[in-house]
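Q: This is a predicted model, with the sequence first.
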4 protein chains.
Amino acid sequence: MPIGVWLVGARGSVATTAVVGAAAVRAGAAPPTGCVIEAAGFPGGFTPLGDLAFGGHDVVTTPLRKRAELLTQAGVLPPVLATLLAADLDAAQAEIRHGYVPGEESQADAARRLAGDIADFRDRHHLTRVVVVDVSSTEPPAEVPYGTLADLEEALASGRDVLPASSLYAYAAFTAGCGYVAFTPSAGPTPPALDELARRSGLPYAGRDGKTGETLVKSALAPMFAGRALRVRSWSGLNLLGGGDGATLADPAARESKSASKARAVPAIVGEDVEGLTHIDYVADLGEWKTAWDHVTFEGFLGVRMTMQFTWQGCDSALAAPLVLDLVRLVARAHETGHSGVLPELGYFFKDPLGGAGHDLPTQYARLVAFAKALSEGRP
Amino acid sequence: MPIGVWLVGARGSVATTAVVGAAAVRAGAAPPTGCVIEAAGFPGGFTPLGDLAFGGHDVVTTPLRKRAELLTQAGVLPPVLATLLAADLDAAQAEIRHGYVPGEESQADAARRLAGDIADFRDRHHLTRVVVVDVSSTEPPAEVPYGTLADLEEALASGRDVLPASSLYAYAAFTAGCGYVAFTPSAGPTPPALDELARRSGLPYAGRDGKTGETLVKSALAPMFAGRALRVRSWSGLNLLGGGDGATLADPAARESKSASKARAVPAIVGEDVEGLTHIDYVADLGEWKTAWDHVTFEGFLGVRMTMQFTWQGCDSALAAPLVLDLVRLVARAHETGHSGVLPELGYFFKDPLGGAGHDLPTQYARLVAFAKALSEGRP
Amino acid sequence: MPIGVWLVGARGSVATTAVVGAAAVRAGAAPPTGCVIEAAGFPGGFTPLGDLAFGGHDVVTTPLRKRAELLTQAGVLPPVLATLLAADLDAAQAEIRHGYVPGEESQADAARRLAGDIADFRDRHHLTRVVVVDVSSTEPPAEVPYGTLADLEEALASGRDVLPASSLYAYAAFTAGCGYVAFTPSAGPTPPALDELARRSGLPYAGRDGKTGETLVKSALAPMFAGRALRVRSWSGLNLLGGGDGATLADPAARESKSASKARAVPAIVGEDVEGLTHIDYVADLGEWKTAWDHVTFEGFLGVRMTMQFTWQGCDSALAAPLVLDLVRLVARAHETGHSGVLPELGYFFKDPLGGAGHDLPTQYARLVAFAKALSEGRP
Amino acid sequence: MPIGVWLVGARGSVATTAVVGAAAVRAGAAPPTGCVIEAAGFPGGFTPLGDLAFGGHDVVTTPLRKRAELLTQAGVLPPVLATLLAADLDAAQAEIRHGYVPGEESQADAARRLAGDIADFRDRHHLTRVVVVDVSSTEPPAEVPYGTLADLEEALASGRDVLPASSLYAYAAFTAGCGYVAFTPSAGPTPPALDELARRSGLPYAGRDGKTGETLVKSALAPMFAGRALRVRSWSGLNLLGGGDGATLADPAARESKSASKARAVPAIVGEDVEGLTHIDYVADLGEWKTAWDHVTFEGFLGVRMTMQFTWQGCDSALAAPLVLDLVRLVARAHETGHSGVLPELGYFFKDPLGGAGHDLPTQYARLVAFAKALSEGRP
C-alpha cells in the first residue's frame, strides 16, 4: 500500500536526492545504501522504497530536473541517473505547491491552504497515509507564546501571525491528518500546543535535526570514552560547509539553532560539562560537501592527558536523503499502529532527539531496533 | 578479602603503572580514571583496588623504582607519585621472581617452578585467589602441536620444550589453580590442551590482546557505519609507537601477531571484506606514546564516496593498566562464582576476543554489564 | 660584550623560558635548538647566548622560581633545569621592576620611571646596549590619535593618558636609548610618532607578533601553492590554546588583534582573496600547549578541487623564547651598525611584519640571511 | 613555432589529461592552472600551450576517447571537455604508435623503430623540436652494466637485451635528436652511457619522478624546520593511492623505486638522519585520487617535543599533467639555447632531482626562476 512523502523544501538538495534515490532503487539502478531499515538483519515489514509517492511545498521555483543536474555536477548524483529518471523527477515536480511566504496571506489562511494541498495529494494518489517532512532551510530559534492549542487557534483565528514557518507547516500537517518529521533544528512540532494537536489527532511525529555527520560520530565516540571511564576534558570542533545549508548558516541567527543542537550530545553522554566550542563556517568552495574536524582531550589513569582528532568529509544530502526515506516509513507504520505524539524511539536519527531519548548512539540504535520489531509485528 | 595479581612481565611499563596506580588510588592520591568497573552506574561488588597484592615473573632485573622513575620522565606517571609510593613499589619488587628463559631449564621443570612461585605468593599473603596476567612482550605467532592435555603433558614429561613461553605461563597458572588473563596477542591459554586444563580445573580465563587504542576506536566506529547502512569500502591505518612495545614490534614476526589481531575487527563488524592494511612502525622518538592514523572510505546513497580520518594519540601503559586491574577483579569474581574456561563476556577488553564474543564495542559493553551484574549478584 | 634583554612581561611563560634557556645553554645543559642564528651555516658574529643579562617589567609578582616550577609541571621545561639554574632565575628576578598600571600614575610619569628602570639596569651591569622586548599579554586593537612626536609629547605633558600600554613601553624604551622588539600583536612602536622618535634617536625596532606556529606553517605552504600555480580557494583554521595567552585571547577584543594578524599572510602570498576564517578558542585543558588545524581547498588543472589539512601541536613558549633571544641579538647588532627605525629584514620572525616585508617565508628567510651577513661583516 | 610532445605511456591518465588540458587551454575552455611557467610573474618567452603537438608510444590500445571518458567519471576531467575536445583526442590518438614489449623484437631493432616513429612524427608535423616524456608505469630498480656508450652499443648490436624499457626509450629519444623528461622513478636516461649519448648529441634531459604530492609538501616544510633550527626527529608517512599508478605500486619491486625516491628529501634538507618510514598502499577504492598522511615529531628549545601532521588529498594526474606541459617547453627551449646533458635547474619538478639539485623547494624554485629568465633571454 503506497504512502505519500510530502517534503517541505521540496526543491532542495535533500528532497531532490530523496526523489531520485527512491526512483533509482525502484528501477534497480542503485542499492538502498544508507537506508537504515534496509540493512541486513533489520526488522522488516515496512513499505518498500518503490511504493512512495512524492510531493511537497517550496517557495522557490527551480525545476527538479535543473536541481538534479546541479547535484550531478556537484558529484552528489551519478551522471546517468538524472536523465534515466527524468520521468520520476517530473512526476514529483508536478506535485510541488507554493509554500508559505510571510505576508502573502494570513497564517490561518496559509494553514488551510497548505493542509488542503496535502489532502488533495493524498486523495488523488489514493494514499492511505502521508508523512510530512521538513527539509527546508534552518530557521532562527523562535518562541511560540501559546501554551495550549485553544490559545493558539484563537490567535490564528484573530488574524495574527504567531508561528514560525516550520511550526505552521507542522500545524497544517496535523490538521491534514499526517505524521510529521522535523529533519531540521527549526521549531516545527515542538510548541506544546502542536504536541497537544498531534496527540489529540492520533498523529505521531519525530525530530529533530537529522544526525548525519559530526554529531553522529560524536554520539558513537562519546559512549566509548564513557564506557572506558576515560574522562573527556574538552571537545572542540570546526564545521566547514558549502551549499544551500552553509549559506543559510552563514546567518548567525540560524547558526545559533544549529550550534545549540550540536552542543548537547557530548555532555549528555559523558554526564558532566565538557569544555569547548563547535564552530560552523560557510565555505562556498566546498559546494555540497561538508568537512568537520573535531579535537578531543581526555584524561586517563593517573591524570595522563591524551588526544583524539577526527576529520569527517561527507555529502550531507547523500547522508540525509536515505534517512528521510527511513523516517517516512517508520512514522507511517507508527501512525498505522496507533502511536501518537512524539516518538522518542526514533531519537537515533536526530541531533536533538525529542521526547527524552538521550544522545548515546548505541542505546538509541538498540531502542530503534526494538521499536521497529514491535512495529513490524503490529504491536503498539 | 584481598586477591593477588601475578604479572608476567612484572617490570614492564604496564605492570609498573598498574602497581603505582592501585597504590595511588588506595592512598587517595588519584581517582580510578580508566577503570571500567569503577565508573558510575557499573554493577558493584568487586574487590576494591586497595585490596590487591602484587607479584610476578620477569626475565629482566631493573628495579621497579627505576622503572617508575623512567615512566615519570616519560610523562606516564605524575612527578610526585613514584616517591610517595616507594614503599608499595618495594613491596611489589620483593615479590618478583625470575621468569622463564628458554634453555635455562626444561619446560617441565620451569612449569613446576613458576607454579610454585605463584602458590608460595598466595600462601604467604593468605590470598584466596590469584589471577595471572600476561603483560610481557608480544611473541611471534606459534602453533602448539598437541591437541589434548594428555599429549601435551606426555611431551613435557619427556623433556621436550613444546610450548611458547606465554603458554607455559598459562600452564603454570592453571596448575597453580589460578585464573588467567592474556593481555597480549601471544598464544597464552589458547591451545586446546590448555583450555582443557582450565575447564577441568574449574578455572576461568580471558583474552586476548588488550584493546586500548586504534582498535578500540575502530570497534566503536564500525558499528556506526553498519547501523547506518553505510558501506565501508577501505580502512587503512598506520600505528607509530615507541617504548618497549614498539621495539618488540620492530621484529616483523612479533608484528605479525599484532597486525593479525588488529585486522579482524572491521570486517567482522560490517559483515564483508574491507580493503586496506594496518601498518605498525617503531618510532623511538615517541617514547611511551603511540599515534595512530586511520583513513576510512565509505559509500553512501547512490554510490557517493565519503571519507573519515582519525588520529589517536595515547599512552598505552596508562590505557592498559586500569584494564588489567579491572580484569583481575572480574576474573577473580568469575572464579569464585564457578565459571571455568574462556569468558567470552569479557570480549569488551580485547582486540581478538576469545570465545566468539564479536568485535562490536556497544554489543560487547552490553554483554559485559550484564555479566558484571550477574557476578555481583553471585549468579553463575 | 654583554647585552641586556629587558622583557616587558618578565614573569610570563615566554620570558621565564628565555631566561632558563639562555642559562641552560651557557651552562652546557642544553643545545640552542630553536635559535635561528645558532643554526649551522647561519652568518656568525652575534653576541653569544651566555653574554645576555636579563631584567624587565611586570605587573604581577609571582616569583620566577615559581613560574619555572609551573612550566616544569606543564612539560615546557625539563625537570632538572629549574633547580640547576635557580641562581640565574634569582638574578633575573632581582632585576624585575613594577610595570605600568593605568591609573596608578600619569603616563608621562610612568614613561620616565620605566625608562629610568631600564637605564639603571644598563648602568649597573655595564651593558653597552639593552633591547626591550614586549612579551606581555596581547592588547585590544588601539588607535593613537597623534601623528607626530611633538603632538604626542604635548599630550603626555598635559597629563593625558594617550597611549596603549605597549606603546608606552616602546616610548620608554626609545627615550632610554634602546632598540625594541614587538613580539605581540599590540600597537607597541607602530604609531607614527614613535617611529619618528626611533628614527630621530638612531634606534632600530622590529615586529610584530612572533610567528611561532600555525602562521609559520601557512607562510611555508602558501608559497608552495603559488609557485606551482595551484589556486588556493579556501583556508580555514581553528586554533585551540590554553595557558595565559589563551586566557587573554578568550577576551574577544584581544582576539581581534590576533585574528587580524593571522588573516593577512595567505592572501598576501597568493595574491588574491581567499575564502575562510581563522578561529581562536581558549581550551584551558591544553595548558601551555596549542593545537591548530588548518583546512585548505585548492584548484588544480582543469578546475579539479583538492584538499590539504594540517594539525600543528606546539608549545608556544618553547617556540617563542629562542626567537626572542635571536631578535635581541640581531637588533642589538643592527643598533651597533647604525640602523634606525623599523627593520623589515626581520620580517621572518613575525606574523604581521612591519616595514613592508611580505609574508612569504622563503623570501623572508633569504632576506634575513643577507641582512645577518651584512651585520656580521659590520656593513650598514 | 610549434613543438612536439612525445609521451611514453601515451594512453595513461597523465598523458590523456595533458592532451585534454592543452586543448582546453587553447580553446579558451580552461585557464592554465597548475602550469608553473604560466603563473603571473614567471619569466616569459616559452612556446604557448596551444602550439604543442602530441604523439607517443604505448603498449595498450584503449582509445583516448575512452580514457578521457573514464577520467571524466573519476572526476579528473570536467564533464563537457571530453566531448568538446574529441577532435583533439582523435588527433593525438592518430599519433600513438606501438610501444616496446620485451621479447617482441631485439632492443636494437626496437630502438631503431621507436626513434623512427618519433622522427616521422617530427617530420610530418614540421616540428623543429620534439621532447620525449616518460609517463608510463614505474619499473623496478634496475642496473645497467655498461659504463660507456661504446660498450652499450656493442652489447645492443650483438642482439642482447640490456636496457630497462625506460632507458631504451631514452636511448631512442636521444638517437632521434630529442630532449627527454623522466617523469617516473624508472632508470630512463640515468645510466652513464645514456648521459654520454645526450651530451655528445647536444641534447638536454631532466628528471626524475615528478614531485606532485606528499614529497612536494615535505620539501616545502622541511626547510621551515631547518631555518627555525627545530630538529626533526621522525617523519613517518602513509600514502594511499588507487588508479593505475597504485596498481603498479602494489608490486613490491616497483614500490621500492618509489619509496627510495620519497625517502631522500627530508634528511637531505635537514642535514641529518631522520627516523621513520614512508609506506605506499594500493587502495582501489580511491580511484584516481591519492591521500597521504605524514606525521612529524620535532624537538624545540630545551628538548621539548612537538608534532605536526598533514593530510594531502590530491588527484595525481591533474597535478602531473601541467608539469609535463611545463617541462616539455622548458627542455625544448634549453635544447634550442644549447644546453646538453642533465638540467639540474629543473630539480624543482622532481622527487629525485638529477644533477645534484638538492631537495629544498624554495631553493629549487629560485634556481628554476633564474634558469627560466636566462632561457627567456636566450642566454646559455
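A: That came in fine, so what should we check first? Residues are numbered from 1 along each chain as shown, chains lettered A, B, ... in the order given.

Q: any idea which residue sits dead centre in chain A?
A: Central residue of chain A (CA atoms, centre = their mean): A:Phe183, 1.7 Å from the mean position.

Q: A:Gly56 reaches A:Gly12, doesn't it?
A: No - using CB atoms under 8 Å, A:Gly56 makes no contact with A:Gly12, being 9.4 Å away. From N, CA and C alone the C-beta is placed, and that goes for glycine too.

Q: Settle it for me: which of the two has more neighbours?
A: More crowded of A:Gly56 and A:Gly12, by other CB atoms under 10 Å in any protein chain shown: A:Gly56, with 28 against 24.

Q: What strand or helix carries the more buried one?
A: Using DSSP states H and E, A:Gly56 maps to strand A:52-58.

Q: What's the end-to-end length of stretch A:168-185?
A: Terminal residues of stretch A:168-185 are spaced 15 Å apart (CA to CA, to the nearest Å).

Q: ok, it near chain B or not?
A: No - using CB under 8 Å from any CB of the partner chain, stretch A:168-185 stays clear of chain B, coming no nearer than 14.8 Å.

Q: Pull up the gap between the residue in chain A sticking out farthest from the centre and chain B, please.
A: Distance from the C-alpha centroid of chain A peaks at A:Leu302, with 42.4 Å (CA atoms, centre = their mean). Going from A:Leu302 to chain B by CB to the nearest CB, to the nearest Å gives 5 Å.

Q: Tell me, how many residues neighbour the nearest residue to that residue once chain neighbours are set aside?
A: Distances taken as CB to CB, 6 or more residues apart in numbering or on different chains place B:Ala30 nearest to A:Leu302, at 5.2 Å, with adjacent residues excluded. B:Ala30 is flanked by 19 other residues according to other CB under 10 Å.

Q: so B:Ala30 touches B:Ala24, yeah?
A: Yes - at 4.1 Å, B:Ala30 counts as touching B:Ala24 under the criterion of CB under 8 Å.

Q: what do the two both touch?
A: A:Leu302, B:Leu81 (CB atoms under 8 Å, 6 or more residues apart in numbering or on different chains).

Q: coming back round to it: touching, the residue farthest from the centre of chain A and B:Leu81? I think so.
A: Yes - judged on CB under 8 Å, A:Leu302 makes contact with B:Leu81 at a distance of 6.8 Å.

Q: Now for the two: what residues contact both?
A: With CB under 8 Å, 6+ apart, A:Leu302 and B:Leu81 have common neighbours B:Val20, B:Ala24, B:Ala30.

Q: Just give me the closest of those residues to chain A.
A: Comparing the shared contacts of A:Leu302 and B:Leu81 against chain A with CB to the nearest CB picks out B:Ala30 as the nearest, at 5.2 Å.

Q: per-residue confidence at the closest one?
A: What the model reports as pLDDT for B:Ala30 is 95.

Q: Likewise for A:Leu152?
A: The predicted local confidence for A:Leu152 is 95.

Q: Contact partners for it?
A: Residues A:Val144, A:Tyr146, A:Val162, A:Leu163, A:Tyr171, A:Pro191, A:Ala193, A:Leu194 are the ones in contact with A:Leu152 under the rule CB under 8 Å, 6+ apart.

Q: same for chain C: which of these are within range?
A: Counting by CB under 8 Å from any CB, no member of the contacts of A:Leu152 reaches chain C.

Q: could the residues you listed be laid out in TSV, adding distance to B:Ala250 and secondary structure?
A: What follows is the contacts of A:Leu152, written out as TSV (distance: CB to CB, whole Å; DSSP: H, G, I helix; E, B strand; the rest coil):
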residue	distance to B:Ala250	secondary structure
A:Val144	65	coil
A:Tyr146	70	coil
A:Val162	70	coil
A:Leu163	67	coil
A:Tyr171	67	helix
A:Pro191	63	coil
A:Ala193	68	helix
A:Leu194	64	helix
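
Q: Report how many residues lie close to A:Ala87.
A: 9.

Q: any idea which helix or strand comes after the helix or strand in which it is found?
A: Using DSSP H and E, A:Ala87 falls within helix A:86-93. With elements assigned by DSSP H and E, the helix or strand that comes after helix A:86-93 is strand A:96-98.

Q: Show me what that next one is packed against.
A: strand A:52-58 (3 or more CB pairs under 8 Å, 6 or more residues apart in numbering or on different chains; DSSP states H and E).

Q: CA atoms only for the strand it packs on, dumped as PDB, please.
A: C-alpha atoms of strand A:52-58 as PDB (Å, rounded to 0.1, in the frame of the first residue of the first chain):
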ATOM      1  CA  LEU A  52       6.500   6.000  -2.100                       C
ATOM      2  CA  ALA A  53       4.800   8.900  -3.900                       C
ATOM      3  CA  PHE A  54       6.400  12.400  -3.600                       C
ATOM      4  CA  GLY A  55       5.100  15.900  -3.400                       C
ATOM      5  CA  GLY A  56       5.700  19.000  -1.300                       C
ATOM      6  CA  HIS A  57       5.900  22.700  -0.800                       C
ATOM      7  CA  ASP A  58       8.600  25.200  -1.700                       C
END
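
Q: which residues of chain A score low on pLDDT?
A: For chain A, the stretches with pLDDT under 70 are A:245-246, A:254, A:257-258, A:260-261, A:380.

Q: just to revisit the earlier point, give me the contacts around the strand holding A:Gly56.
A: A:2-12, A:15, A:18-19, A:22, A:91-92, A:95-100, A:114, A:117-118, A:121, A:125, A:127, A:136, A:169, A:325, A:328-329.

Q: related to what we said a few turns ago, residues in contact with the residue nearest to the centre of chain A?
A: A:Val14, A:Val133, A:Asp134, A:Val135, A:Gly207, A:Arg208, A:Asp209, A:Gly210, A:Ala320, A:Leu323, A:Val324, A:Leu327.

Q: got the residues you listed as TSV, with neighbour count columns?
A: Written out in TSV, the entries for the contacts of A:Phe183 read as follows (neighbours: other CB atoms under 10 Å in any protein chain shown):
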residue	neighbour count
A:Val14	27
A:Val133	33
A:Asp134	30
A:Val135	25
A:Gly207	32
A:Arg208	26
A:Asp209	24
A:Gly210	26
A:Ala320	28
A:Leu323	27
A:Val324	26
A:Leu327	26
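
Q: Filter the residues you listed down to the ones in helices?
A: A:Val14, A:Ala320, A:Leu323, A:Val324, A:Leu327 (DSSP state H).

Q: gap between the second one and A:Val135?
A: Okay, so that is A:Ala320. Noted for A:Ala320: a distance of 7 Å to A:Val135, by CB to CB, to the nearest Å.
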